[in-house]
Structure formats: structure tokens, C-alpha cells
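Participant: Compute the structure for the input listed below.
(one chain, ligands or ions: 1)
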Amino acid sequence: MNLYANSAFSLNRRRQLCQRVVDERWTQVGSGLPLRSTTRETRVLDCPKNRDTPIVTKADSQPIHCVDALGVVADAMARADETLDLAARHLDSSLVDVLGILGFDKHYVSAQGSYLYDAAGRAYLDFHTGEGFASLGHNHPDVRDTLQAALAADLLDGVQIHYSPLAGMLAEALTQRLPPGLDAVFFASAGAEAVDSAMKFARAATGRPRFISCESSFHGVTYGPLSLVGDEFFKEGFGPLLPGCERVPFGDLERLEAQLKAKDVAAFIVEPIQGRMVTLPPDGYLQGAQELCRRYGTMFIVDEIQTGLGRTGKWFALEHWDLEPDFVLVGKALSGGYMPVAAMVTRREIFQKAVGTLERSYVHQSTYGRNRLSMAAGLASLRVIERDGLVEHAAHMGSVLRDGLLELQQRYEMVKEIRACGLMIGIELGAPKARMARLNWQLIHMASEGLFPQLIVIPLHRDHGVITMAAGKNDVIKLLPPLTLSEGEARIFLDALDTVLAECHGSSSKNFAVVRDIATTTLRRQARAKLT
Ligand SMILES: Cc1ncc(COP(=O)(O)O)c(C=O)c1O
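Facilitator: Coordinates of the predicted model:
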């Protein structure tokens, strides 16, 4: 039975049915009967037959045992087909428009492991995982179990005079996996807040006003981090931003030194691998930057919000270059995709300089920063990564994908460059040589920088049920598959990409037609906007 398909169903009737599903699950828990989930059965039946078993075999385990007496979840299930209308009305209507134009406006109703499922039961292989936040795959059952246990234990939270052991344990677990000396942690609710915290603490520790970051960098969108971000289009209309923030090209030590020489720079912040286009650092760059920071008394902040926790085939990307920064920032994958959480990790003496007196002990806080659920999910995620060897697995699967992509590059001229470190992968596309295809390429670029990769991204999604993402205003497709990815799933992706690339190498391809139509509509809209 598909609870969402028949729009003629009244909302009340759908609500009742969905509530019954939730209730039935609960009754079965109470009666000791084995749990079965109607929605999950539907989903399994509708899954592609070739879906192989991911590394986490518990992924199809028991559904959540819960009573939702208020009917919130039943209502959400019943109203699944209104999702995008609700978002357009009350959330981010222009993003809903973009999803519609690109054909991404699906009614996803659930997610598990490497897959999302839409209302019709179609499975979508997720090679993006929300920019890496669902790094353990979606709804990892062991993290979920930990969260349920934490809820069932009625632990306390939000009490200013209290520390939960979970927070100390998570801080301890993080520091044990980082270079020695990084032993003091501040927990925040978002990556941007961790970046902001590091900016404040670096100023307090050095007494200096300025910050240096890199061109094309990304550090978040609140005012502090946005002042560091490398691309202007994120900032347009939001100024004035924080004064004293300058950017230098990623990889250019001379320009960095020129900035640091004045000895008024509190911190240099860098992503070890730039997430926007998956740009790898030139040899010796990060070590050189660290050395310059030490020489001029500048704090060296490594933003691992995207690269951390196994993503690059190491616990932290900084291990590839033996870095020993003053700050490491962690976020995204830290709660296994369940809870908002991020962390700033630094040295005790830096922490103390910022807030290390009785009077100042309250001046840097975050209401939900170390809440029990985020802390429990963080600990569970670290334990899953450790137990299942996911760091090594990510390194292995990264080379499987890289080899497969390099082989495709040999065969398709449109694949210009593959950049990869573990499971952080960028596919840069280049201009096709054939005359018509090249004209299309020019038209598409005239309409919008960043539209061209949709030539691949749209049909991967539409025809093959594979989710990837264009990396922004450039020609890069970014892949951040789950660390739990199996070889079979990697193969499904590579085969799908092979088919799509073959279709695109031909000017009559329907893929070109779709993106060309988007480009033409965009150009018309831009012309109209200029006239009004
Ligand atoms: C490297 C990096 N830093 C900071 C952030 C900001 O994190 P959040 O969106 O949780 O504020 C991001 C988000 O994509 C990021 O990739």
C-alpha cells in the first residue's frame, strides 16, 4: 500500500491511516511481537533488485519504537505530497523553484543507508549526503538506537549549572583523535558557530584584529564566517561585513606571508581541501602556511567541517600533511546526520586566554551547544566509524571510485580533471570539441556559470536515480558519498555516469536539449529583468 499516492484521499483519512501505522508498530512492541513496518515493507518491495548490501548490515533493522500521541509524525507522513508547496509558501521559495527547474522536486519520504526513497517507492543512490552530513549513510540504526536510549534515560539538559558526562566524553574522544595539545573543546550548534568561536578566541589569544582566509574558501554564512568566505556572490547585498578580513589565493605562500608580516593578523583559516570545487593543496602548501603562522605569531585554524571524520580516508585531513594547528573545526558528519552539532578544538592555554577567568567563564556560551542528543549522537558516530573501520573503508572506496573515474576520463573528452582524496571527489568538466556541442556549451555558460554540470547531474538523477551536485559557479560536479558505500554501489554510480557521458557526447543528446532550454529561459529572464 502506498499511503501517499492517491491525492483523492482526504487528509483526515490519510492521517488516520498513518497514525495506525505508528500505533501498530507500538502495539507490536508492547505485545512482544516482532516489529514490522508497513512503509518499510513497501519500500523494500519497490527497491531495485540489484541493490547490494551496504557495509552496515543493520540498515534494514527494526523501525523506531515510539508513541507519537500528538500525531506529529503521522501528520507529516500524511502530508508528504504537500512538502514542496509548504516549503514554497513558508520556507525558501526560490530554492523550491530551482529544484523544480532541475527536476529535483521529488517527494522523498524516507532515507536509509545510501538511499533516499520517494513516495512512489523509487530508490535514489545518494552521492552527495547533504554536503557530507549523512556521512554514515542516512538514519544509521546504531546512532538512532543511541539517541533513543539517551531519550529514554530522561537525562537533563540546558541547565547552566550542569555538565553532562556525554559532553566531556565526546570532547575526550575528539581530542584523542587529534594531534597532541589540542585538548580544549567548545561545542556549537552549527559549523558557522564553530568558525565564529575560533575567530573570537584567536583575537582574544593574540590581541590582534585581522583575519586571512583563501579565495574560493567556504566557512559558513553568518557574519563572521561570511567575512572570510572567498567568493563574492555569497556576500552580495549583505555588507558591510567584518573589517580587517583579507583573502589570498589558495596555494600561494608568498601572498600569505605578505599579509602576515605586519604581525596584526589574529588567524589564518584554511580548509585543507577546499570543499567548493574539491581543490587539493599544492605540495608543501599547508606545512608552509603553518610555518609562516608560527613565525609571525598568527593562529593557524584548520577548518575540517567538511573534510573531518574519515571523509578523506584519514580521521582528519590534517593527518595527510602532519599538521599541528592551533584550532581544528569539526561539524557536519559529527552527529551521523541526526543532530545539529559542531566543535571548536584548541589548546588549553588559548581557551584560557579567551574565557579563562571566573568573571569571563560565561561570556562564550551556546544554548544547545552541548545538548545531550548531539553529544550522544556524536559519540555513537565516532564509535561506528571506529568499529566498522570506516576511515580505511573510505580510503579504499575512494581509490575504487577514482580509478573508475580516471578510466572514464580516458574515454570522454568532456571529463577534464578528477580530483579526489578519499571520498571527497570533484569531477571537472571541460568544453566539448564538436562544433554544435561547443556552441551549446557557450550558450549555457552565457546564461549561468555553474549550469553546465547539470548536463550530467540532471540525467544522473532523472534516468538513473543517482544524486550528485553541481559545485557552484563553476564546471565541477561534487561527490560526497557515504563512508559506508559498498563496491556494488560505487559500480552502479560509475555505470550510470558512463551511460550519461556517452549520451552527452553528441550534440543531438536530449541532455543538451534540457540544459539548453534552461539556459535560454534564463537568458530571456535576464533580458526582461534588464528592461524593467
Ligand atoms: C568547510 C566548511 N566550513 C564551515 C561550514 C559551515 O557549516 P554550517 O553550515 O554547519 O554552518 C561549511 C558548510 O558547508 C563548510 O563546508
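Participant: okay, CA-based contacts and neighbour counts for the rest of this
Facilitator: OK.
Participant: next SSE after the worst-scoring helix or strand of the chain on mean pLDDT?
Facilitator: Ranked by mean pLDDT, DSSP states H and E, the helix or strand of the chain with the weakest confidence is helix 38-46, at a mean of 32. The helix or strand immediately downstream of helix 38-46 is helix 72-78, counting by DSSP states H and E.
Participant: now for that next one, which elements pack on it?
Facilitator: If contacts are counted by 3 or more Cα pairs under 8 Å, 6 or more residues apart in numbering; DSSP states H and E, helix 72-78 sits against helix 11-31.
Participant: Please work out the average pLDDT along the helix it packs on.
Facilitator: Helix 11-31 carries an average pLDDT of 56.
Participant: Stretch 157-173 now?
Facilitator: pLDDT averaged over stretch 157-173 gives 90.
Participant: Find the helix or strand that Arg247 is a member of.
Facilitator: In this structure, Arg247 is located in strand 245-248 according to DSSP H and E.
Participant: Was I right to think Ala150 contacts Arg372?
Facilitator: Yes. With contact defined as Cα atoms under 8 Å, Ala150 reaches Arg372; the gap is 7.4 Å.
Participant: for the stretch 251-400 of the chain, what spans make up the strands?
Facilitator: Taking DSSP state E, counting those that start in this stretch, the strands of the stretch 251-400 of the chain run over residues 265-270, 299-303, 327-330, 342-347.
Participant: want to throw those into CSV with mean neighbour count?
Facilitator: Output for those, formatted as CSV (neighbours: other Cα atoms under 10 Å):
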stretch, mean neighbour count
strand 265-270, 26
strand 299-303, 27
strand 327-330, 28
strand 342-347, 26
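Participant: and the ligand, which of those is closest to it?
Facilitator: strand 299-303 (5.5 Å; Cα to the nearest ligand atom).
Participant: So what are the sheet partners of that closest one and their directions?
Facilitator: Sheet pairing for strand 299-303, assigned by DSSP bridges, gives strand 265-270 (parallel), strand 327-330 (parallel).
Participant: is the shortest one anywhere near the ligand?
Facilitator: No. Contact between strand 327-330 and the ligand, assessed by Cα under 6 Å from any ligand atom, is absent, since the two come no nearer than 7.9 Å.
Participant: and that strand, C-alpha only, in CSV?
Facilitator: As requested, the backbone C-alpha atoms of strand 327-330 are provided in CSV (Å, rounded to 0.1, in the frame of the first residue of the first chain):
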residue,chain,number,x,y,z
PHE,A,327,42.5,25.2,16.1
VAL,A,328,40.6,22.4,14.4
LEU,A,329,36.9,22.9,13.5
VAL,A,330,34.6,19.9,13.2
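Participant: what does the average pLDDT come to for that strand?
Facilitator: So the average pLDDT for strand 327-330 ends up being 98.
Participant: contacting residues around it?
Facilitator: 182, 191, 194-195, 198, 299-306, 308, 342-347 (Cα atoms under 8 Å, 6 or more residues apart in numbering).
Participant: Run through the residues you listed and flag the ones next to the ligand.
Facilitator: Among the contacts of strand 327-330, the ligand is touched by Gly191, Asp303, Ile305, Gln306 when using Cα under 6 Å from any ligand atom.
Participant: any weak-confidence spans in the stretch 1-150 of the chain?
Facilitator: For the stretch 1-150 of the chain, residues meeting the criterion pLDDT under 70 lie at 1-11, 13-66.
Participant: Name the residue of it that lies nearest to the ligand.
Facilitator: Going by Cα to the nearest ligand atom, the ligand is nearest to Glu131 of the stretch 1-150 of the chain, at 6.6 Å.
Participant: quick one: secondary structure of that residue?
Facilitator: With DSSP: H, G, I helix; E, B strand; the rest coil as the basis, Glu131 sits in helix.
Participant: so what strands line up beside the strand holding Arg247?
Facilitator: By DSSP bridges, strand 245-248 pairs with strand 210-214 (parallel).
Participant: can you tell me if the strand it pairs with touches the ligand.
Facilitator: No. Remark: strand 210-214 sits outside contact range of the ligand, by Cα under 6 Å from any ligand atom, the gap being at least 11.6 Å.
Participant: That strand - what's its average pLDDT?
Facilitator: 98.
Participant: who has more neighbours, Ala150 and Arg372?
Facilitator: Arg372 (23 against 17; other Cα atoms under 10 Å).
Participant: Check the contact between the more buried one and Gln148; I expect there is one.
Facilitator: No. Arg372 is not in contact with Gln148 according to Cα under 8 Å; the separation is 11.4 Å.
Participant: neighbours around Ala173, how many?
Facilitator: Ala173, neighbours per other Cα under 10 Å, totals 15.
Participant: can you pull the contacts of it?
Facilitator: Ala173 sits next to Leu379, Leu382 when contact means Cα under 8 Å, 6+ apart.
Participant: shift numbering so it begins at 233
Facilitator: Taking 233 as the first residue, the last one we looked at is Ala405.
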